[in-house]
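Q: Attaching a predicted model along with its sequence, questions to come.
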Amino acid sequence: MNMQGYYILENQKPVPCLDYDGWARLSSQQKHVSLNYIGRKDWISTIFLGVEHGYECGKPIIFETMIFCEDEKYDQYQERYTDFYEAAARHLEILDAFRNKEDIENYRNL
């Protein structure tokens, strides 16, 4: 099986993985970068995808933040990243913007 585009994390850095069983085991254990519940029905999740989502357009896009909530303006909002630290920092910005009902796409606080 061609494993191109599959990654695991080593010290928060993506490393290509050529072993499917190792990738499946490790990527499922390394899923969440950050998870915040806001109230009982809303949450923001930033995860390590483990699979390239940039389709060979530079650095692998393997992290994703999504909002799940009742407000249609924010529900299913998503951003993707190439770097663990960028994903973690942007998660905090999105959380702050969501709590303050700000424009998430243009919100930069850090």
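A: Done, it's in. Owing to the predicted nature of the structure, the values given are computational and were not obtained by experimental measurement.

Q: Every contact and neighbour count from this point should use C-alpha atoms.
A: OK.

Q: now the worst-scoring helix or strand of the chain on mean pLDDT: how far from the chain's centre is it?
A: Taking mean pLDDT, DSSP states H and E as the measure, the chain has helix 20-29 as its least confident helix or strand, at a mean of 73. Centroid separation between helix 20-29 and its chain, computed with Cα atoms, centre = their mean, to the nearest Å, is 17 Å.

Q: That helix packs against which elements?
A: Secondary-structure packing of helix 20-29 (3 or more Cα pairs under 8 Å, 6 or more residues apart in numbering; DSSP states H and E): strand 7-10.

Q: what does the longest helix belonging to the chain rub up against?
A: Determined from DSSP state H, the single longest helix within the chain is helix 84-99. With contact meaning Cα atoms under 8 Å, 6 or more residues apart in numbering, helix 84-99 is reached by 12-13, 33-34, 36, 44-46, 48, 63-65, 74, 80-81, 103-104, 107-110.

Q: ok, of those residues, which come out buried?
A: When the contacts of helix 84-99 are checked for burial by 16 or more other Cα atoms under 10 Å, the buried set is 33-34, 44-46, 48, 63-65, 74, 80-81, 104.

Q: how about the residue nearest the centre of the chain, secondary structure?
A: Central residue check for the chain by Cα atoms, centre = their mean: the C-alpha nearest the mean position is that of Glu64, 2.3 Å away. Assigned with DSSP: H, G, I helix; E, B strand; the rest coil, Glu64 falls in the strand class.

Q: How about it, nearest residue that isn't a chain neighbour?
A: Of all residues not flanking Glu64 in the chain, Arg80 sits nearest, at 4.3 Å (Cα to Cα, 6 or more residues apart in numbering).
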